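*Asks:* Below are the sequence and a predicted model for it; my questions follow.
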Amino acid sequence: MSFDQDTQPAGNKSPEQRLAKMGLTLPPVPSAVGAYEPWVRVGNIIYTSGQLPWIDGDLKYTGKMGAELSLQDGYEAFRLSALNGIAQLKSAVGELSRIKRIVRVEGTAHTTADFTEQPAALNGASDLINDVFGANGRHTRMIYSDPAMCLNCATLVVLWAEVAD
Amino acid sequence: MSFDQDTQPAGNKSPEQRLAKMGLTLPPVPSAVGAYEPWVRVGNIIYTSGQLPWIDGDLKYTGKMGAELSLQDGYEAFRLSALNGIAQLKSAVGELSRIKRIVRVEGTAHTTADFTEQPAALNGASDLINDVFGANGRHTRMIYSDPAMCLNCATLVVLWAEVAD
Amino acid sequence: MSFDQDTQPAGNKSPEQRLAKMGLTLPPVPSAVGAYEPWVRVGNIIYTSGQLPWIDGDLKYTGKMGAELSLQDGYEAFRLSALNGIAQLKSAVGELSRIKRIVRVEGTAHTTADFTEQPAALNGASDLINDVFGANGRHTRMIYSDPAMCLNCATLVVLWAEVAD
Ligand SMILES: [Ca+2]
């Protein structure tokens, strides 16, 4: 686990300020690709649906890690899926500082049958979340690998977030 | 998201009445296929185990979408898996009107390596849930694609439901 | 579902005593393989991250069920992944008797495309949990099958546990 020195003590910057400092803009929240909701809140927990690596209405990363996509591509795809997930959380809570904890990151990697570097790829999501939320971003995670994925996307990410309320 | 006009304002019909109106009968609750429980309640949330497309003791849909199963077969298999999940929820709560919200649908599709229409297939589960529960059925979801599945089944569905009290 | 006669009425033995009676020692808690946490507690629920079949710093089971791994190997791999999960829970709660319920077991099996005995393999995790926790171990579960897995591991297990507090 590597946190920036200044995020360790929770920092003074808001998640939005950290995104801005990293030069990142939250994408407009994508619609659900089907008869479901992009997020649901139950009690103090918000669960998102699976987030694809969308940017400006385009699916930026398609294909499989181990074939047309390198590990670095997979890392970037997971990072972009997670950025879309953070955009969904912001649409749910307004200010990201209301998020007390990122509880879990679920990541599905589109891979060939001999790809074994899923953890390093999923760090694309984990590193972004740690950088944006600091200590509040310290999450569990589960990795899935699928040989086929919706719209041929490279990655799917679900975020679970506890809200301070 | 398309809801029937009359379910939009929560409707006056119970989920059981809506099932009847659709000509659907809940199957007898299948036993778990292993050393586990079909559902567990924690606080106000009920989680089911993975539900297969059982009907009258037969696994109605086996094989892979993209090969022996069409997209329409996959849609029907997800619908039947979800119907089994609703039967488990009813066994847990008695009256389905006690369900305040379907929180999440987890769907695993048995697919070939080049199948990309998972969202349209999983709509078989989502559409049924929306039709049966109306606004209370508005859920998040996560799709998984597996190249191999237990008993060669076509679909697995897990439901998470929030109970009113 | 088969419980030992003496675990049925909750028993007088603690989970740690049952482990000892079975000749099992909890492994040292493995570090997370990436930028995440091995477990997180939210309210009364502890969620672990995905647990691999580690023993003494070695990944004991690698490869695919249906190829180099038999069903029995898969059973043992799931058992060992679950033992690592129980070690994580103990690091979270101190005494395992504080666990009121194992809510869910998520198991991913590394398989060939024609393997169909996932439920029997995942019983390696379920049987251990039932033996260690007795009635408190009665859980739901979800099985995933992946054609590729991190570090070529045979199994991944996530545990959700409700704490008595
Ligand atoms: Ca999979």
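*Replies:* Arrived safely. Numbering: from 1, shown residues only, chains lettered A, B, ... in the order given.

*Asks:* element containing the spatially most central residue of chain A?
*Replies:* Geometric centre of chain A, nearest residue: A:Ala82, 1.6 Å, by Cα atoms, centre = their mean. Taking DSSP states H and E as the criterion, A:Ala82 maps to helix A:71-93.

*Asks:* Give me the distance between the residue nearest to the centre of chain A and A:Val132.
*Replies:* Going from A:Ala82 to A:Val132 by Cβ to Cβ, to the nearest Å gives 9 Å. For every residue, glycine as well, the C-beta is placed using N, CA and C.

*Asks:* Please point out which parts of the helix or strand that comes right after the helix holding A:Ala82 sit buried.
*Replies:* Later in the chain than helix A:71-93, the nearest helix or strand by DSSP H and E is strand A:99-110. Buried residues in strand A:99-110, counting neighbours by 16 or more other Cβ atoms under 10 Å in any protein chain shown, are found at A:99, A:101-110.

*Asks:* filter those residues down to the ones close to the ion.
*Replies:* Among the buried residues of strand A:99-110, not one lies near the ion by Cβ under 5 Å from the ion.

*Asks:* ok, so of those residues, who is nearest A:Leu156?
*Replies:* Of all those, A:Leu156 sits closest to A:Thr108, with 4.2 Å by Cβ to Cβ.

*Asks:* I'd say that closest one and B:Asp146 touch.
*Replies:* No. With contacts counted by Cβ atoms under 8 Å, A:Thr108 stays clear of B:Asp146, the gap being 11.0 Å.

*Asks:* How about the contacts made by the residue nearest to the centre of chain A?
*Replies:* For A:Ala82, the contacting residues are A:51, A:105, A:124-125, A:128-129, A:157, A:159, by Cβ atoms under 8 Å, 6 or more residues apart in numbering or on different chains.

*Asks:* Can you give me the distance of the residue of chain A found nearest the ion to A:Thr112?
*Replies:* Chain A approaches the ion most closely through A:Asp146 (4.4 Å), counting by Cβ to the ion. According to Cβ to Cβ, A:Asp146 and A:Thr112 sit 11 Å apart.

*Asks:* cool, A:Lys21 as well?
*Replies:* The separation that A:Lys21 has from A:Thr112, given Cβ to Cβ, amounts to 36 Å.

*Asks:* ok, now A:Lys90?
*Replies:* To A:Thr112, A:Lys90 is 34 Å away according to Cβ to Cβ.

*Asks:* Repeat that for A:Ala125.
*Replies:* Taken as Cβ to Cβ, the span from A:Ala125 to A:Thr112 is 20 Å.

*Asks:* between the two, which one's more packed in?
*Replies:* A:Ala125 (31 against 17; other Cβ atoms under 10 Å in any protein chain shown).

*Asks:* A:Lys21 is in contact with A:Pro15, isn't it?
*Replies:* No. Counting by Cβ under 8 Å, A:Lys21 stays clear of A:Pro15, with 10.6 Å between them.

*Asks:* out of these two, which sits in the busier spot?
*Replies:* Neighbours were counted for A:Lys21 and for A:Pro15 using other Cβ under 10 Å; A:Pro15 has more, 24 against 11.
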